[in-house]
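J.: missing the sequence, but the structure's below:
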């Protein structure tokens, strides 16, 4: 699905696009991948995801701290 540039998307069409994008995002696609495939900006896709109520993932993967014993330091 590629959308014409500089065309305003409103109403039912926007709602349908937001649901489509949210479904793909929930399946694992990144915002950047979605933006590239649809032909819109990162910010536009981010806004659509917010409008669709999609829970946004955090950036950069797992940031949980490791236990001190597995940090590789001397015991």
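T.: Ah, there it is. Being a predicted model, the structure only gives us computed values, none of them experimental. Numbering: from 1, shown residues only.
J.: so how many other residues sit close to residue 32?
T.: 10 (other Cβ atoms under 10 Å). Every residue, glycine included, has its C-beta placed from N, CA and C.
J.: surely it is in contact with residue 42?
T.: Yes - using Cβ atoms under 8 Å, residue 32 makes contact with residue 42 at a distance of 6.1 Å.
J.: shared neighbours, the two?
T.: Common neighbours of residue 32 and residue 42, counting by Cβ atoms under 8 Å, 6 or more residues apart in numbering, are absent.
J.: kindly provide the distance from residue 15 to residue 52.
T.: When Cβ to Cβ, to the nearest Å is applied, the distance between residue 15 and residue 52 equals 8 Å.
J.: can you check residue 40 too?
T.: Between residue 40 and residue 52 the distance is 14 Å, computed by Cβ to Cβ.
J.: cool, and residue 26?
T.: Applying Cβ to Cβ, the value for residue 26 to residue 52 is 10 Å.
J.: now do residue 6
T.: 22 Å.
J.: so which of those two has more stuff around it?
T.: Counted by other Cβ under 10 Å, residue 6 and residue 52 do not tie: residue 52 has more neighbours, with 17 against 5.
J.: quick check, the more buried one in contact with residue 24.
T.: No - in terms of Cβ under 8 Å, residue 52 does not count as a neighbour of residue 24; the distance is 10.8 Å.
J.: how close does the spatially most central residue of the chain get to residue 45?
T.: Closest residue to the average C-alpha location of the chain: residue 31 at 3.4 Å, with Cα atoms, centre = their mean. In this structure, residue 31 lies at 5 Å from residue 45, with Cβ to Cβ as the measure.
J.: can you pull out the helices in the chain?
T.: 11-26, 31-38, 42-52 (DSSP state H).
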